[in-house]
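Colleague: Structure for the following, please:
(one chain, ligands or ions: 2)
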Amino acid sequence: MVIILEMKTEGPSAWNKNYPVADGDRQSPIDILPHQARHDPNLGPIVLNYDRCTSINIANNGHSVVVEFEDSDDRSVIQGGPLDNPYRLKQFHFHWGGKGCHGSEHTVEGNSYASELHLVHWNAVKFKTFGEAASAPDGLAVLGIFLETGDEHRWLHMITDALYTVKFKGSVTDFKGFNPKCLLPSSLHYWTYLGSLTTPPLHESVTWIVVKEPMIVSEKQLGKFRTLVFTGEEEDERTRMENNFRPPQLLKGRTVRSSN
Ligand SMILES: COc1cccc(N2C=Cc3cc(S(N)(=O)=O)sc3S2(=O)=O)c1
Ligand SMILES: [Zn+2]
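Modeller: Numbers count the residues shown, from 1 in each chain. Ligands and ions are numbered 1, 2, ... in the order given. Model prediction:
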């Protein structure tokens, strides 16, 4: 008798088995309804001080491609908007779909974008380490930027040209001198709400700041993200890295505020 144990990696709908917080009251992402967002005149502009940021490496962590930053001091921070103090840039990564499909995590009136960039920052004023901040209600601030397909993005090639070096899960290569400010759209008007990490451990520790204006990238540039694989080089399988997004979660009475 042959017993075949199919060890399928379980998707977002099964996360609540190992992470009960998946069914919590402030989960992310969400569907944003602009007309139901509360315009809050007290919400100031987002201020990004990235001029002295220090990128370290680019990696494939088996879920996404991540660029890590030096965060031992306040050399690159986000502040203003809904934040009470500066939050340090730790890393950024992307979520995307399959060919021709959409892959953003947040949606706007039920509409997805092709992809979504997350710039992850932590509250080093209140917490000693990123790990401590990542599990505290006011520990993280993630700036979300939608990616829409259109013309080629003039600076995104600096990332897509490096993707072949991190094709496999667990690969890391040097990635110095990159400033993510070059990826931002011209306007930083935003929606903000209290939410969570969108992948396990799904900690409800994120003040989300979702920028309204998408950055425009070409289909060709986006296609390069799909040359990555979820699997390690030593594994037999080569599972294309795509559709690494969590679908929208219940709002559960939360208010989304709009900068204007
Ligand atoms: C102890 O907590 C830790 C320690 C190390 C890493 C993480 N993370 C895991 C998932 C995750 C998901 C993010 S998203 N898509 O909402 O922007 S950001 C992020 S993380 O903070 O890097 C948490
Ligand atoms: Zn993310």
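
Colleague: what's the helix or strand for the closest residue to residue 17 other than its chain neighbours?
Modeller: Closest residue to residue 17 apart from its sequence neighbours, by CB to CB, 6 or more residues apart in numbering: residue 10 at 7.6 Å. Quick note: C-beta positions are derived from backbone N, CA and C, even for glycine. Following DSSP states H and E, there is no helix or strand that holds residue 10.

Colleague: So which residues on the chain come close to ligand 1?
Modeller: Within the chain, the residues that sit near ligand 1 (CB under 6 Å from any ligand atom) are 118, 120, 131, 134-135, 142, 197-199, 201.

Colleague: Which among the residues you listed count as buried?
Modeller: Buried members of the residues of the chain next to ligand 1, counted by 16 or more other CB atoms under 10 Å: 118, 120, 134, 142, 197-199.

Colleague: which ones among those are found in strands?
Modeller: 118, 120, 142 (DSSP state E).

Colleague: what ranges do the helices span in the stretch 101-250 of the chain?
Modeller: Defined through DSSP state H, counting those that start in this stretch, the helices belonging to the stretch 101-250 of the chain, from first to last, are 130-133, 157-160, 219-225.

Colleague: possible to save those helices as CSV with distance to residue 53 and mean pLDDT?
Modeller: Listed next are those as CSV, based on distance: least, CB to CB, whole Å; pLDDT from 0 to 100:
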stretch, distance to residue 53, mean pLDDT
helix 130-133, 16, 98
helix 157-160, 14, 98
helix 219-225, 22, 98
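
Colleague: Could you tell me how many residues sit around residue 51?
Modeller: Residues lying near residue 51 (other CB atoms under 10 Å) number 9.

Colleague: For it, give its distance to residue 141.
Modeller: 19 Å (CB to CB, to the nearest Å).

Colleague: do the same with residue 169
Modeller: According to CB to CB, residue 169 stands 27 Å off from residue 141.

Colleague: the more surrounded of those two?
Modeller: residue 141 (29 against 20).

Colleague: That one contacts residue 206, correct?
Modeller: Yes. Residue 141 lies in contact with residue 206 (CB atoms under 8 Å); the separation is 7.1 Å.

Colleague: Find me the pLDDT at the residue nearest to residue 29 when sequence neighbours are not counted, would you?
Modeller: Once flanking residues are discounted, residue 29 sits nearest to residue 105: 3.8 Å by CB to CB, 6+ apart. For residue 105, the pLDDT comes out at 98.

Colleague: tell me the pLDDT at the nearest residue to residue 170 once chain neighbours are set aside?
Modeller: Leaving aside its sequence neighbours, residue 170 sits nearest to residue 232 (CB to CB, 6+ apart; 5.2 Å). Turning to residue 232, the model gives it a pLDDT of 97.

Colleague: so residue 232 sits right up against residue 238, yeah?
Modeller: No. Judged on CB under 8 Å, residue 232 makes no contact with residue 238 at a distance of 10.1 Å.
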